[in-house]
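Asker: Structure for the following, please:
(2 chains)
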2 protein chains.
Amino acid sequence: MREIDATWMRGGTSKCWVFRRDDLDIPDLSVDDVLLRLYGSPDHRQVDGVGGGTSTTSKAVILAPSTDPDVDVEYTFAQVGIEEAKVDWGSNCGNCSAVVAPFAIREGWVPAGQHETSVRVLNTNTRQLIVQRVPTPGGRLDEAASEHIPGVPFAGAPVRMGFVDPAGRSTGHLFPTGRERDRLSDAVGGVTVTLVDAGAPVVAVRAADVGVRGDEETGALDATPGLLARLDAVRREAGVLMGLADSPEAVARAVPKLALVSDVASDDGPETDLTVRMLSMGRFHPAVPVTGSVALTLAAGAAGTVVHDLVAPTGPVAGLRLATPAGCVSTFVEDHDDVPVVGVVRTYRRLASGSVLLPDPPLLPSAPATASA
Amino acid sequence: MREIDATWMRGGTSKCWVFRRDDLDIPDLSVDDVLLRLYGSPDHRQVDGVGGGTSTTSKAVILAPSTDPDVDVEYTFAQVGIEEAKVDWGSNCGNCSAVVAPFAIREGWVPAGQHETSVRVLNTNTRQLIVQRVPTPGGRLDEAASEHIPGVPFAGAPVRMGFVDPAGRSTGHLFPTGRERDRLSDAVGGVTVTLVDAGAPVVAVRAADVGVRGDEETGALDATPGLLARLDAVRREAGVLMGLADSPEAVARAVPKLALVSDVASDDGPETDLTVRMLSMGRFHPAVPVTGSVALTLAAGAAGTVVHDLVAPTGPVAGLRLATPAGCVSTFVEDHDDVPVVGVVRTYRRLASGSVLLPDPPLLPSAPATASA
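Answerer: Here you go, the predicted structure:
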């Protein structure tokens, strides 16, 4: 058995175990093998590990100081499989990335400023630079709970996260087809969509075009007959148009994401610019992925997109107030020496710190067949 | 913010955080308040805490050396509410109790023997003494994974747990009504049941008497029209007969437990004595609660019970092989100087160790109404 230093943190609406990169360098074992065994995978309950048995609680963040003078900390995100003995390294998690700056400051990798500290974080999965700002009054990280975000009932400590020049990280272009809108084939209903790549590749679909209002509860949308299947077909055709795969069947489950957008606003809620329901891993998301909110914000600023039509901005878009199932998520757009920076404020909390325990090999389940649950 | 020493362990088919009793003694806060905030309750996801959002992963074990010369370690079990800001102290968790002996030996509270160490553990919720035996070759606790139990896909380190003289801990009598079987009212279908109190109060119902075979998958039983509602009515009427409450409405959700029993055996599985599907907190349990298996074992040994009829033992019952949804669970019965000791073997694993972090008050959610998920 081996002890591996680890910190359990909430980042935004996710929980992740945070590791120093060197600490996962175990002789004769791949990082994938180490994470899977620590998390108790494969097992739908992850009962013999630190995984939480859901996609938002089976995540890891792996950190190291950077040798690049323009970057302070490098960060790799791992989605640890639950029932499948597989680690997915193909995408970033914007919520989890909120833990990086506070962790780096506590480790002493980045000196704290007198009021606020800015940390340049590179996500290695997507080569995305994220500038994170956290309060450090008197030169010390302030972890006091002072902010709320939708989807987390308790207040947390804030991290302002700006995605630097996020357009085209996956495909090379903000609009991968070269057009602000595309009409899909009659096979998927001939809907007109906007295909946008910023933070993550996203397909924006007007809710009215697929027969829903757009402000329904996620459970009601999941249960609408035929809707998930139709939207997945839309997503797959869009993925091919964006150049992410050669055929609809080859399009990944996680990418592109799909956003149902509308201008339906509730009378009793806060004022918002756009109502969003986002698909994530085949179901509607309880809030909105951070990366998706970045994409929608840049799409809103470009005339001709289905998002721009709904938001109808009267000038440059400095941010969006998104009505999500969990509440209002606000994004911001800033100009840093002609480089656009798009982002949101997230909160974080350290939940536990110490070490996790890696059993000696063998690392795969070996229960007798009669003991399968 | 305050750091509180804690160890995360799997005990049987549950996960629990393990605390020294003194470490939860926080000025101006009740233990209930401390646990609820650490676990992130109330919140159906427990996203801001160390709770896992399910009943089997929102548990705490609180330990202290005992001053009683006949007891080594005292242990209190807490079921930490998830959506409700309430800690339930009313029952024991047999699975979690498996962590007590290994924790106590590691702490040095109990000296390790040269081959095996026996630890006398008192559960304070139920005043039940459990003698636990763990391997300690060469005087050191052996945490190597060498055993399998149903419901846990990975092997773990074994703990042999014997419930000492478990009959009547809640009601004073093994058969609280004074009878080995009781016919319930026509309002609940007039079924004949056995009401037994050992480990926990349990209502044993023949599966055939409520129109099912008894070896169905738990999901199929949960989905059988009317079954859960009828069994809950049976359970509540039985709870009143056992003296646990004055009216069916006042019977607790967790106690008594209900076991559907049958002699239906699968042809390709291991040989078993009794097929069991157990209700726990309103749904069918994926395996079988340890306390419930103790009750069924003593019921099988008494002529006239519905369990005895199905098992049809030819002599004294030295143990039962229970066919559960997760596999075969074996119990044992031993005689220690005329005191019956009934038990099972569980496995455990340390998952993480270090500390958990308690934010400063206020400890309740204060999210704006618009941010409710």
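
Asker: Once you drop chain neighbours, what's closest to the residue of the stretch 101-250 of chain A found nearest chain B?
Answerer: Chain B sits closest to A:P153 of the stretch 101-250 of chain A, with a gap of 3.7 Å, by Cβ to the nearest Cβ. C-betas here are computed from N, CA, C, even on glycine. Nearest residue to A:P153 in three dimensions, chain neighbours excluded: B:P365, at 3.7 Å (Cβ to Cβ, 6 or more residues apart in numbering or on different chains).

Asker: Run through the residues that contact the one you found.
Answerer: The contact partners of B:P365, taken as Cβ atoms under 8 Å, 6 or more residues apart in numbering or on different chains, are A:P153, A:F154, B:P42, B:D43.

Asker: how about these, which pair is most distant?
Answerer: Among the contacts of B:P365, the pair separated by the greatest distance (Cβ to Cβ) is A:F154 and B:P42, at 10.0 Å.

Asker: Can you list the buried residues in stretch A:162-172?
Answerer: A:G162, A:F163, A:V164, A:P166, A:A167, A:R169, A:S170, A:T171 (16 or more other Cβ atoms under 10 Å in any protein chain shown).

Asker: before we move on, the earlier item: counting neighbours, go ahead and name the busier of A:F154 and B:P42.
Answerer: Taking neighbours as other Cβ atoms under 10 Å in any protein chain shown, A:F154 and B:P42 compare with A:F154 leading, 23 against 16.

Asker: so that one touches B:D48, yeah?
Answerer: Yes: using Cβ atoms under 8 Å, A:F154 makes contact with B:D48 at a distance of 4.2 Å.

Asker: Residues that sit against both of the two, list them.
Answerer: With Cβ under 8 Å, 6+ apart as the test, A:F154 and B:D48 both reach A:R349, B:G40.

Asker: Check whether A:L363 sits in a helix, strand or coil.
Answerer: Secondary structure state of A:L363, per DSSP: H, G, I helix; E, B strand; the rest coil, is coil.

Asker: Contact partners for it?
Answerer: Per Cβ under 8 Å, 6+ apart, neighbours of A:L363: A:L29, A:D33, A:L36, A:R37.

Asker: Grab the nearest non-local neighbour of the third one.
Answerer: Okay, so that is A:L36. A:A85 (5.4 Å).

Asker: pretty sure that neighbour contacts A:D43?
Answerer: No: using Cβ under 8 Å, A:A85 makes no contact with A:D43, being 9.6 Å away.

Asker: Compare those two and say which is more crowded by neighbours.
Answerer: A:D43 (22 against 17).

Asker: pretty sure the more buried one contacts B:G151?
Answerer: No: counting by Cβ under 8 Å, A:D43 stays clear of B:G151, with 9.9 Å between them.

Asker: For A:G226, give me phi and psi.
Answerer: When read as degrees, to the nearest 10, the backbone of A:G226 gives phi 80, psi -10.

Asker: gap between it and A:A238?
Answerer: Distance from A:G226 to A:A238, counting by Cβ to Cβ, to the nearest Å: 18 Å.

Asker: how about the residues of the stretch 201-350 of chain A that lie near chain B?
Answerer: A:G269, A:P270, A:P286, A:A287, A:P325, A:A326, A:G327, A:C328, A:R349, A:R350 (Cβ under 8 Å from any Cβ of the partner chain).

Asker: Write the PyMOL selection for whichever of the residues you listed are buried.
Answerer: In PyMOL, a selection of the buried entries from those looks like this (16+ other Cβ under 10 Å):
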select buried, chain A and resi 286+287+325+326+327+328+349+350
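
Asker: Which of the residues of the stretch 201-350 of chain A next to chain B fall within helices?
Answerer: Judged by DSSP state H, helices contain none of those.

Asker: Which of the residues of the stretch 201-350 of chain A next to chain B fall within strands?
Answerer: Assigned to strands by DSSP state E, the following of those qualify: A:G327, A:C328, A:R349, A:R350.

Asker: which of the residues you listed sit farthest apart?
Answerer: A:C328 and A:R350, at 26.4 Å, using Cβ to Cβ across those.

Asker: so where's chain A uncertain?
Answerer: In the predicted model of chain A, residues A:367-373 satisfy pLDDT under 70.

Asker: Which residue ranges of the stretch 1-150 of chain A form strands?
Answerer: A:2-11, A:14-20, A:59-65, A:73-80, A:87-88, A:116-123, A:128-135 (DSSP state E, counting those that start in this stretch).

Asker: Give me the helices and strands touching the shortest one, please.
Answerer: Under the contact criterion of 3 or more Cβ pairs under 8 Å, 6 or more residues apart in numbering or on different chains; DSSP states H and E, strand A:87-88 touches helix A:31-39, strand A:73-80.

Asker: for the second one, same thing?
Answerer: Where contact means 3+ Cβ pairs under 8 Å, 6+ apart, strand A:14-20 is packed against strand A:2-11, strand A:59-65.

Asker: Show me what the last one pairs with in its sheet, parallel or antiparallel.
Answerer: To tie it back to what came earlier, the one meant is strand A:59-65. Strand pairing for strand A:59-65, determined by DSSP bridges: strand A:14-20 (parallel), strand A:73-80 (antiparallel).

Asker: Kindly export it (C-alpha atoms) in CSV.
Answerer: Extracted as CSV, the C-alpha positions of strand A:59-65 are listed here (Å, rounded to 0.1, in the frame of the first residue of the first chain):
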residue,chain,number,x,y,z
LYS,A,59,-12.7,13.9,-11.5
ALA,A,60,-9.0,14.6,-10.9
VAL,A,61,-6.9,17.7,-11.3
ILE,A,62,-3.1,17.2,-11.8
LEU,A,63,-0.8,20.2,-11.3
ALA,A,64,2.7,21.2,-11.7
PRO,A,65,4.6,24.5,-11.8
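
Asker: Right, I'll call it a day here.
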